[in-house]
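In: 3D, please:
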Amino acid sequence: MPSVFVQGRPVETYPPLAPEARRGAVRRITETGEEVLHKPCRDVTEFGPDLAALIDDMFLTMYIADGAGLAANQVGVDLRLFVYDCPDDDGVRHVGHIVNPVLEPLDAGERRLLDEGEGCLSVPGAVMAVPRPDRAVVRGFDKDGQSITIEGTGYFARCLAHETDHCNGQVYLDRLSRRERKDALRQVADRREEVFARRAANVEALKG
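Out: Numbers count the residues shown, from 1 in each chain. Okay, here's the model as predicted:
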């Protein structure tokens, strides 16, 4: 079985960082509470160099923050789009981007919920158990406007669902009880500075 899928297609070899990141610039990551994260994003209607440049920036920003996925509103851009570089539970790596993503509803027989730890670059330092289906199918487009379908299982399915939530104006805190949400925000208060120090160190390492 191939060990890397790019845009849903198997490839023989792939570098440690997606080539897009080499062209990108680091952007500030928005944090929970900022308006852009809490309202549905607009559909992308223009496919071209500006969209490609945004994707480049998002890949680099995701890597700097040690993330597995990043949505456009997490860099303050109100568009339905996310990038990902995420393993599934079998150790297969999935890399790509998806524009105007729509998560397919699963039949009851297909749904098996996994209640596992989930974090978010916009909720820095917190990890909480969030029930998600162990399979996800997302339909959308690539940066050139070609239609694509991405399927994932396990941790990668969680990533696809999490990032599509972002495009719909939801953060994973919205899926928690009030008590769990308070616990998550307490974790942020305790760990936020440490997370930002690590991101700053990653930026410096990249310059070096």
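In: tell me the strands beside the longest strand along the chain, with direction?
Out: Longest strand of the chain, by residue count under DSSP state E: strand 93-103. In the sheet, strand 93-103 lines up against strand 4-6 (parallel), strand 81-87 (antiparallel), strand 135-141 (antiparallel) (DSSP bridges).
In: return the set of buried residues in the shortest one.
Out: Buried residues in strand 4-6, counting neighbours by 16 or more other C-beta atoms under 10 Å, are found at 4-5. All C-beta atoms are positioned from the backbone trio N, CA, C, and that covers glycine.
In: can you give me how far it is from the chain middle?
Out: When C-alpha coordinates are averaged (C-alpha atoms, centre = their mean, to the nearest Å), strand 4-6 and its chain have centres 16 Å apart.
In: strands of the chain, start to end?
Out: 4-6, 9-11, 69-71, 81-87, 93-103, 113-119, 127-133, 135-141, 147-153.
In: looking at those, which is closest to Arg179?
Out: strand 127-133 (10.9 Å; C-beta to C-beta).
In: now that closest one against strand 147-153, angle please.
Out: Calculated by axes from the mean of the first three to the mean of the last three C-alpha atoms, to 10 degrees, strand 127-133 forms an angle of 110 degrees with strand 147-153.
In: buried residues of strand 127-133, list them for me.
Out: So, applying 16+ other C-beta under 10 Å, buried residues of strand 127-133: 128, 130, 132-133.
In: re earlier: send over the longest strand of the chain as CSV, restricted to the C-alpha atoms.
Out: The C-alpha coordinates for strand 93-103 follow below in CSV (Å, rounded to 0.1, in the frame of the first residue of the first chain):
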residue,chain,number,x,y,z
ARG,A,93,0.3,10.2,5.2
HIS,A,94,-2.3,12.4,3.4
VAL,A,95,-1.4,15.8,2.0
GLY,A,96,-3.5,18.3,0.1
HIS,A,97,-6.0,21.1,0.1
ILE,A,98,-9.7,21.3,-0.6
VAL,A,99,-11.8,24.2,-1.6
ASN,A,100,-15.5,24.6,-0.8
PRO,A,101,-15.5,21.3,1.2
VAL,A,102,-18.7,19.5,1.9
LEU,A,103,-18.7,16.6,4.4
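In: next one, pLDDT for Ala108 please.
Out: Per-residue pLDDT puts Ala108 at 69.
In: distance of the spatially most central residue of the chain from Ala136?
Out: A centroid search over the chain (C-alpha atoms, centre = their mean) returns Gly69, at 2.3 Å, as the residue closest to the centre. To Ala136, Gly69 is 12 Å away according to C-beta to C-beta, to the nearest Å.
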